[in-house]
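Asks: mind folding the following:
(4 chains)
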There are 2 protein chains.
Amino acid sequence: MIRQSDKGNLKKLGAYIKRLREAKNLSLRELSYACDIDNSKISKIEKGQINITFTTILQLAKALDISPSELLMTGFD
Amino acid sequence: MIRQSDKGNLKKLGAYIKRLREAKNLSLRELSYACDIDNSKISKIEKGQINITFTTILQLAKALDISPSELLMTGFD
DNA sequence: ATAATTGCGGCCTAAAAAGACCGCAGTTGA
DNA sequence: TCAACTGCGGTCTTTTTAGGCCGCAATTAT
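Replies: Predicted coordinates:
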């Protein structure tokens, strides 16, 4: 039941998160510490491998110093 | 482990979704049909009772004719 | 050289979302 | 009056996230 377009959107979101993290020169473990999410999970998020929840979005946004809204600015299908 | 602030944020998001739905004069069942999400689930979302995933956010945004980013414009904690 | 860091994937358990269906009380309208 | 609609909550199963820990190959210092 996992739609094909969803996979693409998850990848887009993940790629954007990765760009933001790298722009701040943070390692997975550093970001992990900042938002209290396991580094291996963040890795999976950046790869678009998991469909994160609303609250996880908020956690990441906060740690990345960006508004949740901004985090979803990337154009999705 | 459910944070207290998360509950509030979920309620804010739900309330906003409800406002948008009502602004478009859609019943739960009508919106349900438009985004392919069960009406009882939408009811729970609007009540802030469930922590929806990224893809569910995209589905709702599309059905409500709003960008995902816009859907998260409400100020969260 | 070698020690530390990094990204990443695997594995596990518990909790929760997804998805679907049912039924009811209250409202709305014919 | 009564039929249809509406919001909403409950229940059940399947799938997935959350959350945590471990270890490795590759890169990056020291």
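
Asks: quick check: buried residues in the helix or strand containing A:Leu10?
Replies: Element membership for A:Leu10, per DSSP states H and E: helix A:4-23. Judged by neighbour count using 16 or more other C-beta atoms under 10 Å in any protein chain shown, the buried positions of helix A:4-23 are A:Asp6, A:Asn9, A:Leu10, A:Lys12, A:Leu13, A:Gly14, A:Tyr16, A:Ile17, A:Lys18, A:Leu20, A:Arg21. (Glycine included, C-beta is placed from N, CA and C.)

Asks: for the closest residue in space to the second one that isn't next to it in sequence, grab phi and psi.
Replies: For A:Asn9, the nearest residue in space outside its immediate sequence neighbours is A:Phe76; the separation is 4.5 Å by C-beta to C-beta, 6 or more residues apart in numbering or on different chains. When read as degrees, to the nearest 10, the backbone of A:Phe76 gives phi -110, psi 160.

Asks: does A:Phe76 touch A:Lys12 like I think?
Replies: Yes: between A:Phe76 and A:Lys12 a contact is recorded at 6.4 Å, counting by C-beta atoms under 8 Å.

Asks: returning to what we had before: is any residue of the helix holding A:Leu10 near DNA strand D?
Replies: No: Helix A:4-23 stays clear of DNA strand D (C-beta under 7 Å from any atom of the strand), getting no nearer than 7.7 Å.

Asks: any idea which helix or strand comes after that helix?
Replies: Using DSSP H and E, the helix or strand that follows helix A:4-23 in sequence is helix A:28-35.

Asks: right, is whichever helix or strand comes after that following helix up against chain B?
Replies: With elements assigned by DSSP H and E, the helix or strand that comes after helix A:28-35 is helix A:39-46. No: applying C-beta under 8 Å from any C-beta of the partner chain, one finds helix A:39-46 separated from chain B by no less than 9.6 Å.
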